[in-house]
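**Q** need coordinates for the below:
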Amino acid sequence: MPDNSPTILWYRRDLRLSDHPALSAAIARGGPVIAVYVHDDATSGLGAAPVWRLNRGLAALDAALRELGSRLILRRGAALDVLREVIRETGAGAVYWTRLYDPEARTRDSAVKSALRAEGIEARLYEGHLMFEPWSVETKAGGFYKVFTPMWKAVRTRDVDSPLAAPGRVPAPDTWPRSDRLDDWALGAAMDRGAAVLEAYARPAGERAAQARLHHFMAEIVGRYGEMRDMLAQDGTSGLSEYLSLGEISPRQCWHAGQHARQQGKPGAEAFLRELVWREFAYHLMYHTPEILNRNWHRGWDAFPWTCNAAHPHVRAWQQGRTGVPMVDAAMREMYVTGRMHNRGRMIVASYLTKHLMTHWRIGQEWFDDCLVDWDPASNAMGWQWAAGSGPDAAPYFRVFNPATQLDRFDPDRRYVRRWVAEGQADPPETALAYFDAVPRRWALSPGDAYPDPVVTPAEGRRRALAAYEHCAF
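**A** So this is what the prediction gives:
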């Protein structure tokens, strides 16, 4: 006998309608589909900028669902308790959701699945956040990959399923369960006055915006991606990270678009495909070695003499974009104004904090957790450990990026620095001035302040780092 009871679609980091296996399965099951987002501990634990961005993503998803005759139900509480409430209210016979891979999500999802199944509810998890499930990619010896290049070679020719089309309609119940109002959650409150600045400089949210950005990237940028993606003042990157983070676009959609561009002979397509697999590599490692999120992946670094004092004046100067090193300060200020940071900038600011300032990478990781709209647990952790030298596939630990020579190479005319650093300019642009409106008032910063001398010069920082490395056995 067919079961036409409602299916609850539990949304998390998959805020889209197309290429959504759980949604497609829910519709195929028959009966109404009730889309639910649960504000639980995972949401409460997000930093100020990520949760502000989530608010915009949820609003966009609700609007998209309403165009298809549906809506997004919002509830607050522990996930299992909320799902049980909605099941009781609607008579739902199934709960479907997209798999996540961080330790907390895996623990929560396992408990939810077991409890619901024990109560006679069909509970199913689907792929969708990655192209390759972490357990499906193995070395010839049967283990997981610890180095990126061999993993890239192993998956680059794999077949990736074609993306699923968006439904034309999402069947609705006769009566909707109650829903909280998104505004009542006040997800942007922690941003304080910075929210207005982010709003002015943010990219549009939602699946439609994500698809538009992918189309623009493939039409206008990917051909020169290989050589332009490191140029700080150029629009030379995909700009897709925040959409991938919240699942407003799927990696499969990006992969197939990249493969099409490669077949057309566009030179940067291969480099873009490698970046997609780099993201997969981060999740592969987080799944197999979840300690990458909060401790040194190479345990030999546990004895390294990093400072762990987040209140140290040098750390505060780094946080404020007031180190006196223009490359570092410009990148940090870009983050406060836009919620984003150029990838080359991320490498430089991370290297400067962990090597020139000898500060533990966890302090930088936690700061980015709070400040980036494209925050991603796996990519952020692996990126910081890569820069610090303590992680898998890391840059050689003795490599210390020189922020001055990096600036000469990737911002030779200083357009990027002028865009974000106001001090010293007679007529600074709005982007540079916006930084002073975005940062906390307690910092008491003004564009009329003198630009600081370097807290640690590139040469001095390099000497200190190399001297410390000589006395450690990694």
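**Q** let me see the contact set for His288.
**A** If you count contacts by CB atoms under 8 Å, 6 or more residues apart in numbering, His288 has them with 134, 144. C-beta: built from backbone N, CA, C; applies to glycine.
**Q** please repeat the previous calculation with a cut-off of 10 Å.
**A** By CB atoms under 10 Å, 6 or more residues apart in numbering, the contact list for His288 reads 101, 134-135, 137, 143-146.
**Q** reformat the residues you listed as TSV; add neighbour count, distance to Asn309 and pLDDT.
**A** Below are those laid out as TSV (neighbours: other CB atoms under 10 Å; distance: CB to CB, whole Å; pLDDT from 0 to 100):
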residue	neighbour count	distance to Asn309	pLDDT
Tyr101	20	32	98
Pro134	18	35	97
Trp135	10	39	96
Val137	20	39	97
Gly143	9	38	95
Phe144	15	35	96
Tyr145	23	35	96
Lys146	16	31	95
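**Q** make CSV out of the residues you listed and add distance to Ala205 and secondary structure.
**A** CSV is the format used below for the contacts of His288 (distance: CB to CB, whole Å; DSSP: H, G, I helix; E, B strand; the rest coil):
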residue, distance to Ala205, secondary structure
Tyr101, 23, coil
Pro134, 28, helix
Trp135, 32, helix
Val137, 31, coil
Gly143, 39, coil
Phe144, 34, coil
Tyr145, 33, coil
Lys146, 35, coil
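**Q** return the closest of the residues you listed with respect to Phe368.
**A** Tyr101 (19.2 Å; CB to CB).
**Q** just confirm that closest one contacts Tyr283, I think it does.
**A** Yes. Counting by CB atoms under 10 Å, Tyr101 does reach Tyr283; the two are 5.3 Å apart.
**Q** can you redo the contacts of His288 as TSV with distance to Glu366?
**A** Putting the contacts of His288 into TSV (distance: CB to CB, whole Å) gives the following:
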residue	distance to Glu366
Tyr101	20
Pro134	25
Trp135	29
Val137	29
Gly143	31
Phe144	26
Tyr145	27
Lys146	25
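**Q** quick revisit: hey, what's in contact with both of Tyr101 and Tyr283?
**A** Residues within reach of Tyr101 and of Tyr283 at once, by CB under 10 Å, 6+ apart, are 129-130, 133-134, 377-378.
**Q** hey, what's Ala123 bridged with?
**A** Ala123 has these beta-bridge partners by DSSP bridges: Val95.
**Q** any idea how far it is from Val137?
**A** 26 Å (CB to CB, to the nearest Å).
**Q** mind listing what's buried in the helix or strand where His260 lies?
**A** Using DSSP states H and E, His260 maps to helix 251-263. Residues 251-258, 261-262 are the ones in helix 251-263 that count as buried (16 or more other CB atoms under 10 Å).
**Q** do stretch 56-68 as well
**A** Buried, per 16+ other CB under 10 Å, within stretch 56-68: 56-62, 64-65, 68.
**Q** one more: stretch 117-136?
**A** 121, 123-132, 134.
**Q** thanks a lot, catch you later.
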